[in-house]
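Enquirer: model the structure of this input:
(2 chains)
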Amino acid sequence: MKNQKISWLAKAVYAAAAILAVAPTANAMHIMEGYLPPVFCIAWGIVCLPFLVFGFRSLNRRVQENRRSITLIAMAGAFVFVLSSLKIPSVTGSCSHMTGTGLGAILFGPCAVSVLGIIVLIFQAVLLAHGGLTTLGANCFSMAIAGPILSWLIYKGLSKTRINRRITVFLAASLGDLFTYCVTSVQLALAYPSAQGGVTASAVKFLGIFAPTQLPLAVIEGILTVVVVIALESFAKSELKAIDFEIEEEKE
Amino acid sequence: MSAKNKKTILLLLVAAVLLAVVPFFAKKGAEFGGSDDAGSVMVEEIKGEAYEPWFTPVIESLTGSELPGEIESLIFCVQTGIGVGVIAFLMGRFYERKKWEDKEEEKK
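Expert: Sure thing, here's the model as predicted:
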């Protein structure tokens, strides 16, 4: 039953994406090095700081409470590593990559993920010239803070309803992924408002590049996050209990 | 892990792979290029003039050239490898532990 629901959902989203496939060829990615004016770089950096400090503390607390939490933190971090390294072809005829931050947000909350996310962003900015050190603040905000916050809100919100938990996880992860690129568009638009229409028109333009490419990838991210959560629920019950993660009991 | 969960995971993985592979075949002529340019092209379109980034990526100023494609894919692979290594190691441990725990329970 659940499988059918999820694959039906995937099909629907995929069909919607296919209709949008006329969008221009583009890559939805992080904001590149040197592409934001210095004022914006500093501003986004300052916005990120409290999240990072709070996130670092919350991770520390988790580990002190229960040393075994390290395994799940490592798992969430590794998930971000893998997913943000895979550039995947999309319906628009260009590639983009996922964020992988949804899993961490669901397990540890959005602040903790900001720490995991910035590690990956620094890795990519320094070694891959992908994203950038000057745009680190802006990219950290979109991928490691804004997206995870939405994932976390969706997860917490829907957990209280009777919606199937796997669908909840799916929605949290995939919409968080999509939201990341919406925030990126707004960030670019704020720095580069259109001559006509200002920030809004500019945001729509950037969104037009990013959103259609990212849509199917967001679905993939949702699916993969569900897979990992199922695996963890089956094999890492004690760790999940240690971080107060509600486990869906298997009915054999 | 129950048989039902196994089936769910299998189906989900197949769906994920299809979502990634189908566009590649469906849009044969497309470049799927590493066009980090798209964003910058849009910036130039909006500004109406060429934009010169005010900061060069560290690795490019160190080597004095753009990162070669092969090296880039190498480092991307390293990134994937680190992630997969950690996940596989931990999952392997969890898996074996579960087996061991189940056996202990049977003994009781």
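Enquirer: for A:Asn164, the count of nearby residues, please.
Expert: A:Asn164 has 15 neighbours, counted by other Cβ atoms under 10 Å in any protein chain shown. In this view, the C-beta of every residue, glycine as well, is placed from N, C-alpha and C.
Enquirer: is it true that A:Leu150 touches A:Asp177?
Expert: No - the pair A:Leu150 / A:Asp177 is not scored as a contact, 9.4 Å apart, by Cβ atoms under 8 Å.
Enquirer: count the residues that sit near the nearest residue to B:Ala50 once chain neighbours are set aside.
Expert: Leaving aside its chain neighbours, B:Ala50 sits nearest to B:Glu44 (5.9 Å; criterion: Cβ to Cβ, 6 or more residues apart in numbering or on different chains). Per other Cβ under 10 Å, the neighbour tally for B:Glu44 reads 14.
Enquirer: helix or strand for B:Glu44, which one?
Expert: If you go by DSSP states H and E, B:Glu44 is part of helix B:37-47.
Enquirer: tabulate the CA atom coordinates of that helix in CSV.
Expert: Taking Å, rounded to 0.1, in the frame of the first residue of the first chain, the C-alpha atoms of helix B:37-47 are listed here in CSV:
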residue,chain,number,x,y,z
ASP,B,37,27.7,29.2,-15.9
ALA,B,38,23.9,29.2,-15.8
GLY,B,39,23.7,31.3,-12.7
SER,B,40,26.3,33.6,-13.9
VAL,B,41,24.7,34.0,-17.3
MET,B,42,21.5,35.0,-15.6
VAL,B,43,23.4,37.5,-13.4
GLU,B,44,24.9,39.0,-16.6
GLU,B,45,21.5,39.1,-18.2
ILE,B,46,20.0,40.9,-15.3
LYS,B,47,22.9,43.4,-14.9
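Enquirer: right, and the helix or strand after that helix?
Expert: Where DSSP H and E defines the elements, the next helix or strand beyond helix B:37-47 is helix B:58-63.
Enquirer: other residues contacting that following helix?
Expert: Under the criterion Cβ atoms under 8 Å, 6 or more residues apart in numbering or on different chains, residues A:125-129, A:133, B:66-67 lie in contact with helix B:58-63.
Enquirer: so which bits of it are buried?
Expert: Buried residues in helix B:58-63, counting neighbours by 16 or more other Cβ atoms under 10 Å in any protein chain shown, are found at B:Ile59.
Enquirer: per-residue confidence for residue 92?
Expert: Using chain A here. A:Thr92 carries a pLDDT value of 82.
Enquirer: wait, chain B
Expert: 94.
Enquirer: same check on A:Tyr14?
Expert: Note on A:Tyr14: pLDDT of 54.
Enquirer: next: B:Ala15.
Expert: pLDDT, read off for B:Ala15, is 94.
Enquirer: ok, now A:His30?
Expert: At A:His30, pLDDT is 83.
Enquirer: now swap in A:Asn3 and tell me
Expert: Model confidence at A:Asn3 (pLDDT) stands at 59.
Enquirer: so A:Gly132 belongs to a strand, correct?
Expert: No - secondary structure assignment (DSSP: H, G, I helix; E, B strand; the rest coil) places A:Gly132 in coil, not in a strand.
Enquirer: quick check: closest non-adjacent residue to it.
Expert: Sequence neighbours aside, A:Glu33 is the residue nearest to A:Gly132 in space, at 2.8 Å (criterion: Cβ to Cβ, 6+ apart).
Enquirer: show the contacting residues for the one you found.
Expert: Applying Cβ under 8 Å, 6+ apart, the residues near A:Glu33 are A:125, A:129, A:131-135, B:53, B:55-57.
Enquirer: how near is B:Gly85 to B:Gln79?
Expert: Applying Cβ to Cβ, to the nearest Å, the value for B:Gly85 to B:Gln79 is 11 Å.
Enquirer: mind listing the helices for chain B?
Expert: Assigned by DSSP state H, chain B shows helices spanning B:3-26, B:37-47, B:58-63, B:69-107.
Enquirer: buried residues in the longest one?
Expert: Using 16+ other Cβ under 10 Å as the test for burial, helix B:69-107 gives B:72, B:75-76, B:79-80, B:82-83, B:86-87, B:90-91, B:94.
Enquirer: repeat for stretch A:204-214
Expert: A:205-207, A:209-214.
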